[in-house]
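A.B. asks: heads up, no residue letters with this:
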């Protein structure tokens, strides 16, 4: 069987969103000897559509899609190819017998980040830099702000975006992200939550240059700047995509919307092995209590409308 992967933008090895999916598919390739057909989705409706169609023309029977700027056109593609199973990340596409839409609890994971940053800041000012203003990024931001609120600390939150609106290029512009971060650090911010894909590398570099802290996203980015990356809000796309593809291969496929979150380990913070020495036992205890309350539903983070 061939499995297609349509990445977001033009960079596969981004240490973040795309690379996590690629890791899950490589695991599947090794275990089940499937063939992978990888395409770059680019930044336009036409380029994403062309990439999906290209993967299908190469014989892909499952197509995993990270790029989502095509709106209703995906409905046309899905209906035109009933023999293909589509797995969409960060999607709310529903009602098709050959589609899985995976949603991740970004808000809950980001709530932990917000609380941790509020407890750790020494200047009383923390930041958030998103790749763009899509609803999924807004969900990260709302969760982050909720965490700050729950921390009980009086903390100022500075919010910036690499690109305004829905421009996917905001996730592949580390130079612009670096400039934004340097300005933010220069204004007194000492921790930035970088939710910007490949652009986050520019934010990590700014933290390293200025001696401040940063929080990574999607993959475990702690090793990129040991002791500078406070933690990463991991989004286990590798696990989710692996499980959903494996269900298709095993004949256990069920379409519809799937939720992955804190309870199943699909989102959550890293073990912070390079930075745990910076965090007090009291803060670690508070953080674990917050995680448990989020899992149990005692504390809720409302998802943004998508």
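C.D. replies: Nice, thanks for sending it over. Computed from a prediction, not measured in an experiment: that's the story for all the values here.
A.B. asks: Residue 107 falls within a strand, correct?
C.D. replies: No: remark: residue 107 does not belong to a strand; assigned using DSSP: H, G, I helix; E, B strand; the rest coil, it is helix.
A.B. asks: what's the burial count for it?
C.D. replies: Residue 107 has 26 neighbours, counted by other CB atoms under 10 Å. The way it works is simple: take the backbone N, C-alpha and C, and place the C-beta from them, glycine included.
A.B. asks: Secondary structure element holding the residue lying closest to it once chain neighbours are set aside?
C.D. replies: Nearest in space to residue 107, with sequence neighbours left out and distances taken as CB to CB, 6 or more residues apart in numbering, is residue 143 at 3.3 Å. Counting by DSSP states H and E, the element that carries residue 143 is helix 135-151.
A.B. asks: Just the buried positions in that helix, please.
C.D. replies: Going by neighbour count (16 or more other CB atoms under 10 Å), the buried part of helix 135-151 is 136-148, 150-151.
A.B. asks: go on, stretch 85-102?
C.D. replies: The neighbour-count criterion (16+ other CB under 10 Å) identifies 85-91, 93, 96, 98-102 as the buried residues of stretch 85-102.
A.B. asks: The residue nearest to residue 107 contacts residue 104, correct?
C.D. replies: No: with contact defined as CB atoms under 8 Å, residue 143 does not count as touching residue 104 (11.1 Å).
A.B. asks: so who does residue 236 touch?
C.D. replies: 20, 260, 265-267 (CB atoms under 8 Å, 6 or more residues apart in numbering).
A.B. asks: For the residue most central in space within the chain, which residues are in contact?
C.D. replies: In the chain, the centroid-proximal residue (CA atoms, centre = their mean) is residue 218; its distance is 4.1 Å. For residue 218, the residues meeting the contact criterion (CB under 8 Å, 6+ apart) are 16-17, 20, 197, 232-235, 237.
A.B. asks: phi, psi of the nearest residue to it once chain neighbours are set aside?
C.D. replies: With CB to CB, 6+ apart as the criterion, residue 218 has its nearest non-adjacent residue at 4.2 Å, and that residue is residue 16. With angles defined as degrees, to the nearest 10, residue 16 sits at phi -150, psi -120.
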